[in-house]
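**Student:** Curious how this folds, go ahead:
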Amino acid sequence: MRENVEKTPPITPPITPPMTQLERNIFDIIKENSKISMTEIAEKLNISRDTVKEYINKLKKKEIIRRVGTTKSGHWEIIENENL
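**Tutor:** Okay, the predicted model is just below:
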């Protein structure tokens, strides 16, 4: 007789939650200029720097972007994601 063997479910990549419109706007600006500062993003979108910081943290948490290097001399990096 054959024993009941459990099959391991296939591994599926995690699905990134959809971006809000503001997240998309910030993402698009970073995509155009990876060296842009939060202050410059805030000026372009006519919102506060604190709001930009909040939404950039959301994008980082969703693993869409990351900061490489220091605050002054670093740049933003888009993390490859097939759901974008």
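
**Student:** from what I can see, Arg67 looks like it's in a strand, true?
**Tutor:** Yes: assessed with DSSP: H, G, I helix; E, B strand; the rest coil, Arg67 lies in a strand.

**Student:** Not counting its neighbours along the chain, what's nearest it?
**Tutor:** Gly74 (5.7 Å; C-beta to C-beta, 6 or more residues apart in numbering). C-beta coordinates here come from the backbone N, C-alpha and C atoms, glycine included.

**Student:** mind checking how far the one you found is from Ile65?
**Tutor:** Applying C-beta to C-beta, to the nearest Å, the value for Gly74 to Ile65 is 12 Å.

**Student:** Ile78 now?
**Tutor:** 6 Å.

**Student:** tell me, how many neighbours does Ala42 end up with?
**Tutor:** 17 (other C-beta atoms under 10 Å).

**Student:** what about the helices in this protein?
**Tutor:** 21-32, 38-45, 49-61 (DSSP state H).

**Student:** what would the ones you listed look like in TSV with mean pLDDT?
**Tutor:** Listed next are those as TSV, based on pLDDT from 0 to 100:
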stretch	mean pLDDT
helix 21-32	95
helix 38-45	96
helix 49-61	96
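
**Student:** Distance check, the residue nearest the centre of the chain against Leu45.
**Tutor:** In the chain, the residue lying closest to the centroid (C-alpha atoms, centre = their mean) is Ile64, at 2.2 Å. Here Ile64 is placed at a distance of 17 Å from Leu45 (C-beta to C-beta).

**Student:** ok so, going back, switch the helices of the chain over to JSON lines; also include distance to Ile11.
**Tutor:** Below are the helices of the chain laid out as JSON lines (distance: least, C-beta to C-beta, whole Å):
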{"stretch": "helix 21-32", "distance to Ile11": "27"}
{"stretch": "helix 38-45", "distance to Ile11": "35"}
{"stretch": "helix 49-61", "distance to Ile11": "22"}
